[in-house]
Every structure is written in structure tokens, then in C-alpha cells.
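Chemist: I would like the atomic coordinates for the input below:
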Amino acid sequence: MGRAQIVQAEAAGVAPHTDMNPVLLKPEGNRRSQIVLNGKIYGHIDARNWMDIKRLLWDEVRAAYDRLAARFEVIVLEGAGSPAEINLKAGDIVNLRMAHYANAPALLVGDIDRGGVFAALAGTMLLLEPEERAQVRGFLMNKFRGDPSLLGDGLRMLQERAFGVPTLGVIPYLNDLWIADEDAVALERLEDKRRASGAVDIVVVYLPRIANLDEFDALAAEPGVRVRFVRRPEEVGQPQAIILPGTKATLSDLQWLRAQGLDQTLMRLRAKGTAVVGVCGGYQMLGEKLSDPAGVESPPGTEAFGLGLLPVETVFNAQKQTDRVRVRLPDGETVSGYEIHTGETRLMSGAEPLGTVIERSGRPTEEISGAREEGVWGTYLHDIFANDAFRHRWLRSLGWKGAGEDTAALREAAYDRLADAVEAAVDWSRIAKIVGLV
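Modeler: Now for the predicted structure:
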């Protein structure tokens, strides 16, 4: 699933399910994306086959909606991109075509922080067909900085020029909102948020196809901890720890890491005592060897040497591991998170496991999880840093002396803060009437 849909489910107080995100496209470069269908790898989509595949995907999207509609009274459908991409609309399965199938009224949201929001909203309405315009019942403007009165007569003028559609709310820009962004979206804001000086300096290598950026928010939220994203060796400095994060394309990003010279920087710092951590694809990179016999990520038969910091080997396969997981560490502590990866990583002779998987998607099990050496460890477990006790213990091993935050409480407070801001900014009575709640 996409991280955004998991966050939305969490905010709504329901368990995330692949029906909320039946089709996930993971860019792999060169106008090609991997298709994850109902949580499992289905194939690839590119310029040659996208129309044919979208016809099949449309059936799957409708089926997922029908299953949700049987379970819930109210469903919010989030579009992707613009509903007025006239060159692509014939193959649209994510915007007004879906709203039409669900017989759902639509609200058109414009990001005023990017500028040009009046033209974007009016221009979208202009490019829609009459029956599509009839679906749009109101506008929302998001991320507004300052006093809404500064908009003056703009909202009335917009309604006059945009086929009578009213603006139902102007939502303020909220600083330091502790809610995950979608992967690489808003990196500049993330970096600004994390530049505060701190006693413990942690570097995350910003890989070209980085995934799950938000799993480092729990580290950044701790007082006395500084988290930085870097792309070049000269940006690394002298941190206490370096993290290789998850990636949508491990072999390509490993090649990029070497081309930048970041591999040499990492090895040099490790020799001086800097802690090194690999998560998911980053864990695979830390091993001795990576093989792709079936061509999952690269031409069939591709092999590459890893960084050699952990005695493990990875073989990619087409089966994607997507599970909620609970792991027991050697000291008896348990941590939980989720796995979403292709490939099996085997511990070589003499390797020390990070822990033991004791539960996988609710099923008891007993298997090795991750690997560790002195000052280096790797894991497939995303969200491991959201485990408060584990995070605090690891930070203290780096010299941190903080008291520690409660991540669940921080997240819940952030959802409440956002909900309160939206409720205060929109004409909720009119929106409730449009949705059919009253």
C-alpha cells in the first residue's frame, strides 16, 4: 500500500487494507513502473502497454470499491493528480471516472501554497466535460498562509468564472505537523524541520528512489536529535550514525551510491566508529552480494557486490513480502513494524541475527530477522524506530541523553490538530449535506 493510505486509515481509526489502495504504481525509472495489485506484484506498466493494463486495473478498482462499500457507510475517494489531464483522461481510473461509478459528489482541492490556485481551479472546470462539471460541488483551498480576508473578492469572482461552483473552505498551512508525507514529497520542508542543532547527528542517505521517508520522523521528533538527508559526500560531515533507507530499486540505488562516492564515505566513517544501519533495501546493500536471477529489478542474471558490512547475501524474487511483523530481540525486547520487500536475505556463516520473528501478520512463526555486527545492523522491519523503547536505547548508544517522546501520542495529537484546523476552516454543514450525512 501507499504510505498515504495507511496514514489516512490510521487517522480514521480503521485498520488499513489493500482495498483502500488496490493499485499502487512504484516508479522504476525510464517511464516504467512496477504494478502492485491488491498488495501483490502484478507486473510492469510502460508507454507500450499502459492502456491495455489500465482496462484490467479498472475492473480491480471497482471491485475494491464495491467491497469497501459493503463494509462502510461513508467512503472518501482521493483522486490522483488532476481530473483535467485531457491527454490522459481516456485511461483515467483514479479521478472523476471513479466518482461517477460511485455516484459520488466531488470536491476539487487546490494547493494555494504553490501559487496560481484561482487559475488552476477555474482552468480545471473549463477543461472538464459538462457532465463532469456537474459532479464538482465545491472547491477547497489548502495550505493558505496568512489571513483569509486577504483573498478579498477572489472567492466570489472565482465562483462567477468557474460555472457557479462555490469555495467551501480555506484551510491554513500548519507548520510542524507530525504526520507523514508521501515518500519524496516536500523534502525541503522535511529538511527544514530537521535542521535544528542537536547533540546526536544522524544522516539518512537520500537515495534517488527512496521509500518510507516518514519512518525517521520518530527520531527527528526527539529533543537533542538532528536528522539530515544527504545526497553528496561533502554533506555527510561527522555524524554519530548513517542510515541507508528503503528504496524502490535497490540495485540501481546501490550503483548510484557508488557513483556519488558515498560508499567510500560510509566505509571511512564506519572505520572511525560511526554507527551504520540499513533498512529494507539499505539492509540488502550492506551485505556481501545481491543477485537478481529472475530479472525482478534488473536484467536477468544481474549480480552486484554489496558494501560488505554484514555477512549476508540477497537473492531477488518475484514474490513480494508484505506483512505485519513482531520481532523478539536477543535481550528479550519485542519490536513491531511491517515488511514490504522483494528478495530473500540469507545470513552467512558466523552472522549474528538481529532478532527472531515471532509473529507474521498475526500468525506465530520462528525465523531469523535481520543481522548485526559491532556498530552495524540491518533489518527488513519498517517502522522499527517507532518502537519507543528500542529507539531510545539505540539513541543512547550514540550518546543521547534525552528523556524520550511517545510516538503514538504525538501522532494522535497531530491528527487531532489537523482535524480541528480543517473543521474550523470549512463550511462543514454544506459539505455534510453534499455528502448526504444530513
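Chemist: what separates the helix or strand hosting residue 169 from the chain centre, distance-wise?
Modeler: Assigning secondary structure by DSSP states H and E places residue 169 in strand 167-172. Counting by CA atoms, centre = their mean, to the nearest Å, strand 167-172 is centred 26 Å from the centre of its parent chain.
Chemist: Who are the packing partners of that strand?
Modeler: Here strand 167-172 touches strand 136-144, helix 154-161, helix 407-425, helix 428-435, going by 3 or more CB pairs under 8 Å, 6 or more residues apart in numbering; DSSP states H and E. C-beta: built from backbone N, CA, C; applies to glycine.
Chemist: Out of the ones you listed, flag the one nearest residue 199.
Modeler: Closest approach to residue 199 among the helices and strands packed on strand 167-172 (CB to CB): helix 407-425, 19.9 Å.
Chemist: can you give me the angle the closest one makes with strand 136-144?
Modeler: Helix 407-425 runs at 120 degrees relative to strand 136-144, counting by axes from the mean of the first three to the mean of the last three CA atoms, to 10 degrees.
Chemist: Can you name the residues in contact with the strand holding residue 169?
Modeler: 107, 112, 138-145, 148, 151, 155, 158-159, 421-422, 425-427, 430-431 (CB atoms under 8 Å, 6 or more residues apart in numbering).
Chemist: Would you mind listing which of the residues you listed are buried?
Modeler: Buried residues within these, counting neighbours by 16 or more other CB atoms under 10 Å: 107, 112, 138-144, 151, 155, 158-159, 422, 425-426, 431.
Chemist: Dump the longest strand seen in the chain to CSV, restricted to CA.
Modeler: For the chain, the longest strand by residue count, based on DSSP state E, is strand 312-328. In CSV, the C-alpha atoms belonging to strand 312-328 read as follows (Å, rounded to 0.1, in the frame of the first residue of the first chain):
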residue,chain,number,x,y,z
VAL,A,312,24.5,-11.7,4.4
GLU,A,313,23.5,-12.4,0.7
THR,A,314,20.3,-11.3,-1.0
VAL,A,315,18.5,-13.1,-3.9
PHE,A,316,15.7,-11.1,-5.5
ASN,A,317,12.5,-13.0,-6.5
ALA,A,318,9.1,-12.0,-7.8
GLN,A,319,7.3,-12.8,-4.6
LYS,A,320,6.7,-9.6,-2.6
GLN,A,321,6.8,-9.9,1.2
THR,A,322,4.0,-7.7,2.7
ASP,A,323,3.4,-8.5,6.4
ARG,A,324,2.9,-7.0,9.8
VAL,A,325,5.7,-8.4,11.9
ARG,A,326,6.7,-8.7,15.5
VAL,A,327,10.3,-9.5,16.4
ARG,A,328,12.0,-10.6,19.6
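Chemist: Mind listing what's buried along it?
Modeler: Counting neighbours by 16+ other CB under 10 Å, strand 312-328 gives 312-316, 320, 322-328 as buried.
Chemist: do stretch 208-228 as well
Modeler: 208-222, 225-228.
Chemist: Now the terminal residues of it, how far apart.
Modeler: Start-to-end span of stretch 208-228 (CA to CA, to the nearest Å) is 16 Å.
Chemist: now do stretch 240-247
Modeler: 22 Å.
Chemist: ditto for stretch 385-404
Modeler: One end of stretch 385-404 to the other measures 12 Å (CA to CA).
Chemist: neighbouring contacts of it?
Modeler: By CB under 8 Å, 6+ apart, stretch 385-404 touches 199-200, 202, 215-216, 218-219, 222-225, 240-241, 275, 329, 333, 335-337, 384, 405-407.
Chemist: Show me those that map onto helices.
Modeler: Judged by DSSP state H, the contacts of stretch 385-404 include 218, 219, 407 as members of helices.
Chemist: who touches the last one in this structure?
Modeler: Residue 407 makes contact with 218, 221, 386, 388, 391 under the criterion CB under 8 Å, 6+ apart.
Chemist: Repeat the analysis, applying 7 Å as the threshold.
Modeler: 218, 386, 388 (CB atoms under 7 Å, 6 or more residues apart in numbering).
Chemist: now residue 233
Modeler: By CB under 7 Å, 6+ apart, the residues touching residue 233 are 260, 261, 262, 265.
Chemist: gap between the two ends of stretch 265-279?
Modeler: 19 Å.
Chemist: what does it contact?
Modeler: Outside stretch 265-279, the residues that reach it (CB under 7 Å, 6+ apart) are 233, 236, 239-246, 285-286, 307, 309, 375-379, 382, 398.
Chemist: What's the PyMOL syntax to select whichever of those are buried?
Modeler: Selection of buried members from the contacts of stretch 265-279 for PyMOL, criterion 16+ other CB under 10 Å:
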select buried, resi 236+239+240+241+242+243+244+245+246+285+286+307+309+376+377+378+379+382+398
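Chemist: Out of the contacts of stretch 265-279, list just those in strands.
Modeler: Among the contacts of stretch 265-279, the members falling in strands (DSSP E) are 241, 242, 243, 244, 376, 377, 378, 379.
Chemist: got TSV for those, with pLDDT and distance to residue 349 too?
Modeler: What follows is the ones in strands among the contacts of stretch 265-279, written out as TSV (pLDDT from 0 to 100; distance: CB to CB, whole Å):
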residue	pLDDT	distance to residue 349
241	98	27
242	98	26
243	98	27
244	98	24
376	97	17
377	97	18
378	97	17
379	96	20
